[in-house]
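**Student:** Build the 3D model from these lines:
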Amino acid sequence: DNVYSGLRKLDPAVAERFGRHPLEWIGWLTDGLGLPEGLDEAEARTRRRLLVRRVYLNPQVYQRFRPSFNHAGFEIVDCPSMTSEGKTSTDIHMVLDMVELLQHPVHYDEFIVFSADADFTPVLRKLRRWDRRTTVLAIGFPSAAYQASADLLIDQDEFLRAGLGFDEPEPAAPPSIPVRAKSDVARDVASYIAKTVAGSGKPVSLPWI
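**Tutor:** Now for the predicted structure:
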């Protein structure tokens, strides 16, 4: 949820594309995003495979995106509001699922976490202790500790440009100012001075002109 809300603060159209077309950025994750550093030569040439895809969403707010993620092969974990303030149990669901995957017979090499929540910092450190790579996308300004705990921090602008297909807007060109000939400027100045002196009933100070 916080990824969508973070993108919406940048541009509502970007957030909608994120929720409506997850296959686009999934393809970029597997084919376009580089692997974390520190791999041996054989691992560095390995193409990323996403064995588990899970999205955690509040069905009361983001139900409209369920078909898109379902068609993209995601397991959908409903995290409805648990309090009157709208607080959900998303964090706990994600942590429990990651701990469960650590104990799975399949050795998952990498965990990709889309969240800017600094509460996940201890989880990233635990994954590192278990020799698992971590890649994080945090929309906004993640804490320094959160960044340092991940093996790879996905650049926000790169995700918007390459993952979602939104090019950065070209800066507006400054308005052009016409350049006048020096003779025209001198003629206008002389005309202004003559008109000012002629219309004054007393001597005119040159600095005032």
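**Student:** and residue 78, how many residues sit next to it?
**Tutor:** 15 (other C-beta atoms under 10 Å). C-beta: built from backbone N, CA, C; applies to glycine.
**Student:** Do you know the pLDDT at it?
**Tutor:** Here, the pLDDT recorded for residue 78 equals 94.
**Student:** Over to residue 130?
**Tutor:** In this model, residue 130 carries a pLDDT of 94.
**Student:** Quick check: closest non-adjacent residue to it.
**Tutor:** Nearest non-adjacent residue to residue 130, counting by C-beta to C-beta, 6 or more residues apart in numbering: residue 102, 5.7 Å away.
**Student:** so what's that neighbour up against?
**Tutor:** Residue 102 is in contact with 108, 126, 127, 130, 132, counting by C-beta atoms under 8 Å, 6 or more residues apart in numbering.
**Student:** What are the buried residues along the host helix or strand of residue 101?
**Tutor:** Assigned by DSSP states H and E, residue 101 belongs to helix 90-102. Across helix 90-102, burial judged by 16 or more other C-beta atoms under 10 Å covers 90, 91, 94, 97, 98, 101.
**Student:** Which SSE is immediately downstream of it?
**Tutor:** strand 110-114.
**Student:** With only the CA atoms kept, save that following strand in CSV.
**Tutor:** Only the C-alpha atoms of strand 110-114 are listed here, as CSV (Å, rounded to 0.1, in the frame of the first residue of the first chain):
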residue,chain,number,x,y,z
GLU,A,110,17.2,-13.1,-3.1
PHE,A,111,14.3,-11.3,-1.4
ILE,A,112,12.9,-8.2,-3.2
VAL,A,113,11.0,-6.0,-0.9
PHE,A,114,8.9,-3.1,-2.1
